[in-house]
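A.B. asks: Everything below, folded, please.
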Amino acid sequence: MATTPMATVGEVAKLGLKYGFQVCTHAIGDRANTEVLDQYEMAFQEYPDREDHRFRIEHAQHLTAEDIPRFGQLGVIASIQAVHMSSDRPWAIYRLGLKRIEEGAYVWQKLLQSGAKVINGTDAPVEPINPIASFYASVTRKTLQGTPEEGYEKDQSMSRAEALRSYTLDAAYGGFEEESKGSIEVGKLADFTVYSQDLMAVEESQIMDTKVDMTIVGGEVVFAREE
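C.D. replies: Have a look, this model is predicted:
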């Protein structure tokens, strides 16, 4: 159900392009994503010179096969929350059926392979604010309880490098902040987190055991875990 008329979405998209504002639209469901992409595309056609718009669709969840490549083609960022797959997938099968699940639900690799920028988040307070949960879901395609053993639609999982990037450099790109955030480099803000173990190497079953040892903001330690 649309809570905002599509004509309004289209008008806001045009105003965003005209005045240099990024537009982000919440969409879950195949019709919702199609209609938002349609409105974005019409706006892009009216302002063809505004190429670096970085318009986003928040969730980008449950897509038609035809819409998946449109994200990359239009330069629309798929702003996902991988942890939704963990909490929703066990019952989504009864709402969507296997065919629609496999074709367009939580299809992160399809989006990446089509050239789309995929960024990650938590959707707190709907889901746990801890990004480790979303990282775990991104790479395992399992519930946070570790089921099913083989993961759901495992071919759509992200590699650990892809998952990390979706939460760091690409997430910063999604907010026009890649020059100041997203990586530890000279000249950037020195905002980063130190974890208790290496997320890129630890056993998959141990990812959820990861603790925050330290949080640094602007080069200053603002949190340090006590043993």
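A.B. asks: Can you show me the strands along the protein?
C.D. replies: Assigned by DSSP state E, the chain shows strands spanning 24-28, 56-61, 77-80, 118-120, 192-195, 212-217, 220-224.
A.B. asks: Please name every helix or strand in contact with the longest helix along the chain.
C.D. replies: Longest helix in the chain, counting residues (DSSP state H): helix 83-104. When contacts are defined as 3 or more Cβ pairs under 8 Å, 6 or more residues apart in numbering; DSSP states H and E, helix 83-104 packs onto helix 131-140. All C-beta atoms are positioned from the backbone trio N, CA, C, and that covers glycine.
A.B. asks: Please list the outside residues in contact with the helix it packs on.
C.D. replies: Contact with helix 131-140 is made by 81-86, 108, 120-122, 127, 142, 144, 146, 151, 157-160, 162-164, 166-167, 195, 199, 204, 207-208, 210, as judged by Cβ atoms under 8 Å, 6 or more residues apart in numbering.
A.B. asks: Kindly state which of the strands of the chain is positioned closest to Glu46.
C.D. replies: strand 24-28 (17.0 Å; Cβ to Cβ).
A.B. asks: Go through that closest one and flag the buried ones.
C.D. replies: Thr25, Ala27 (16 or more other Cβ atoms under 10 Å).
A.B. asks: just the buried members of the contacts of helix 131-140?
C.D. replies: Neighbour counting by 16+ other Cβ under 10 Å classes 81-86, 108, 120-122, 127, 142, 144, 151, 157-158, 160, 162-164, 166-167, 199, 207-208, 210 among those as buried.
A.B. asks: List the ones among these that fall in helices.
C.D. replies: Val83, His84, Met85, Ser86, Trp108, Arg160, Glu162, Ala163, Leu164, Ser166, Tyr167.
A.B. asks: Now do the same contact list for the nearest residue to the third one once chain neighbours are set aside.
C.D. replies: Closest residue to Met85 in three dimensions, ignoring its sequence neighbours and counting by Cβ to Cβ, 6 or more residues apart in numbering: Tyr106, at 4.3 Å. If you count contacts by Cβ under 8 Å, 6+ apart, Tyr106 has them with Gln61, Ile80, Ala82, His84, Met85, Arg89, Arg141, Tyr152, Glu153, Gln156.
A.B. asks: same question, Asn130
C.D. replies: By Cβ under 8 Å, 6+ apart, the contact list for Asn130 reads Thr122.
A.B. asks: Report pLDDT for it.
C.D. replies: We note a pLDDT of 91 for Asn130 in this prediction.
A.B. asks: what about it, distance to Arg70?
C.D. replies: Distance, Asn130 to Arg70, by Cβ to Cβ, to the nearest Å: 32 Å.
A.B. asks: Contacts only, for the closest residue to Gln206 other than its chain neighbours.
C.D. replies: Counting by Cβ to Cβ, 6+ apart, Gln206 lies nearest to Gln197, which is 7.1 Å off, once chain neighbours are set aside. Taking Cβ under 8 Å, 6+ apart, we find Gln197 in contact with Gln206, Asp209, Thr210.
A.B. asks: rerun at 10 Å
C.D. replies: Residues in contact with Gln197 (Cβ atoms under 10 Å, 6 or more residues apart in numbering) are Glu203, Gln206, Ile207, Asp209, Thr210, Lys211, Asp213.
A.B. asks: I'm done for today, thanks for sticking with me.
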